[in-house]
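K.L.:
My questions concern the predicted model and sequence given below.
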Amino acid sequence: MSDTPPRVIFVNRVYWPSTAATAQLLADLAEGLAARQWPVHVIAAGAASTRHNGVTIHRTGGEVQHAGLLSRFRNYGRFRREARRRLAALVQPGDVVVIMTDPPMLGAALTRLAVERGARVVHWIQDIYPEILAAHLGRFTALPLALLRRRRDAAWREARACVTLGGDMAQTVAGGGVPADRIRLVPNWAPRELHEPAAAEAIAACRVAWGLAGKFIVAYSGNLGRVHEFTAVLAAAGHLKAQRDIVFLFIGAGARFEEVRTAAATRGLDNIRFLPPAPRATLAASLAAAEVQLVTLRPGFARLVYPSKLAGVLAAARPVLFVGPPDGEIARRLAAAHCGATIGPDDGARLAGLVAEWRDHPARCAELGRSARAAYEKSFTFDSALAAWEQVLRQAAGS
C-alpha cells in the first residue's frame, strides 16, 4: 500500500461552527488528519460550502437546529437525501467514506452507494439506532424497527470497519453480524483544550462568577438528553437541602433541561442551580470549578450510547459520581480506575451520602481526582485517538 494517505470523506449532519458534541468531535478529527496531510472532506448541513483549517466542507443546505419533533424528522430526511446527492458527486474509487450516526440510519442510506462507487466505508457509531428509538417507544413499534434494524445491520456488514466508543456498544455491533476483526474501539476524547489543566486562578474566578465561592459543588455538565437519568440526582438534592454548603449545578441544555428545572422548582430545591452551556474555551475551568462531576445514563441504554462527557470530567481531574446501570461499562471503568462511584438510578439516598462523605473528606476527593486524570491520560487523549483513527483508515483503505 502507498504511503500517501487516501482521501477521506466524513458525513455527519453537524460540523463546525456548530457546538454540538459530534460536530466538535468531527472537527477535531478532520482537522487533526488534515494537519497530518490527509486529504479531508466533510459533508454536513448548512449553507456556504467552504474550506476551513485544511478541511473542505460541502454544505447540503437545510437547518442545523430544530424547532420541534416534526421539524427534526423533516430535516433528518432532507439531509439524508442531500448528503446522498453530494456523496454521489464527490466519491471516487479508493476513497474512505466515514459515516456517522446523525441523523439516525444515515449509514443505511449511504453505504451501498459508496461501495458501488469503489469506496471503502467506515461506520463511526456514536449512537445505536433504531434500538434507542425502541427503548423510548416500547414494543408497539417492533415490526418497523425490525425492518430498520435489518437495513442497518446490512450496512454495518458491508463496511470495512465499524468504530464504536466502548465494549458494550461493540457487543451490540457484533450481534448485528459484524465479524470481530472489523470492529474497532476508539473512545471519544476529551476536548483538546482540556489537555492542560486549568489554572487555579481561572478555577477560582469561575466559582466567583457563579456566586458559589466557598461551596461544595456537585456539577452536571453537558447535554441533558433523553437517555440521561436524573431521578436520583433530584432525590439527593432533596436529602441535602438543609446542608447549605452543598450545591448541585447543571451547566448545559437539552431535551430534558426544562423537565429537570421544573422538577427542582416544584420541589423547592433551591440548592440546585442552572447555567447555560460553557463555551469550549472556558470548559477546562468550568469542569474543574466543581469538586465532583455527575455522569448519568438511563437503564436500558448502556449498550446503545456512551456518555462522552466522561472523558472531559476525567481530564479535569474530578471524581465521578455515575448514576446508571451498575453492571455497565462506565461502572466497570470507574471501579478499575479508582476514580469514582456508581449509584443505582433510584438511589438518591446513597448519592446524597457519597456527596456528604466526599465533602467531609477532601483528601479522599482529591485522591479520586488524581486517579481520574491518570485514567484520562491513559485512554482519552486526542493524540491517542488520532493515532488510532489513522490506523483504522489505513487498514480500511488497504483491505
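P.N.:
Noted; the coordinates are in hand. Residues are numbered from 1 along each chain as shown.

K.L.:
Tell me where the protein has strands.
P.N.:
For the chain, the strands defined by DSSP state E cover 8-11, 40-44, 50-52, 55-59, 96-99, 120-124, 161-164, 183-185, 216-223, 246-253, 272-275, 292-296, 320-323, 340-343.

K.L.:
Could you tell me which strands the first one is paired with, and in which direction each runs?
P.N.:
Counting by DSSP bridges, the strands paired with strand 8-11 are strand 40-44 (parallel), strand 96-99 (parallel).

K.L.:
Might you quantify the distance of the shortest one from its chain's geometric centre?
P.N.:
The chain centre lies 19 Å from the centre of strand 96-99; the measure is C-alpha atoms, centre = their mean, to the nearest Å.

K.L.:
and it, average pLDDT?
P.N.:
Strand 96-99 shows an average pLDDT of 98 in the prediction.

K.L.:
can you list contacts of it?
P.N.:
For strand 96-99, contacts defined as C-beta atoms under 8 Å, 6 or more residues apart in numbering pick out 6-11, 87, 91, 106-107, 110-111, 114, 119-124, 160, 393, 396-397. Every C-beta, even on glycine, is put in place using the N, C-alpha and C of the backbone.

K.L.:
Stretch 77-94 now?
P.N.:
Stretch 77-94 is touched from outside by 6-7, 9, 11, 13, 41, 43, 45, 58, 60-62, 97, 103, 105-106, 109-110, 113-114, 117-120, 397, with contacts defined as C-beta under 8 Å, 6+ apart.

K.L.:
one step back: would you mind finding the most buried of the strands paired with strand 8-11?
P.N.:
Using mean count of other C-beta atoms under 10 Å, the stretch among the strands paired with strand 8-11 with the largest mean neighbour count is strand 96-99, at a mean of 27.

K.L.:
Output that strand in CSV with nothing but the alpha carbons.
P.N.:
In CSV, the C-alpha atoms belonging to strand 96-99 read as follows (Å, rounded to 0.1, in the frame of the first residue of the first chain):
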residue,chain,number,x,y,z
VAL,A,96,-12.6,6.1,2.6
VAL,A,97,-16.1,7.3,3.5
VAL,A,98,-16.7,7.6,7.2
ILE,A,99,-20.4,7.7,8.0
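
K.L.:
that older thread, list only those of the contacts of stretch 77-94 flagged as buried.
P.N.:
Those of those that meet the buried threshold are 6-7, 9, 11, 13, 41, 43, 45, 58, 60, 62, 97, 103, 105-106, 109-110, 113-114, 117, 119-120, 397, by 16 or more other C-beta atoms under 10 Å.

K.L.:
residue ranges with poor pLDDT in the chain?
P.N.:
Counting by pLDDT under 70, the chain has low-confidence residues at 1-2, 63-69, 137-143, 399.
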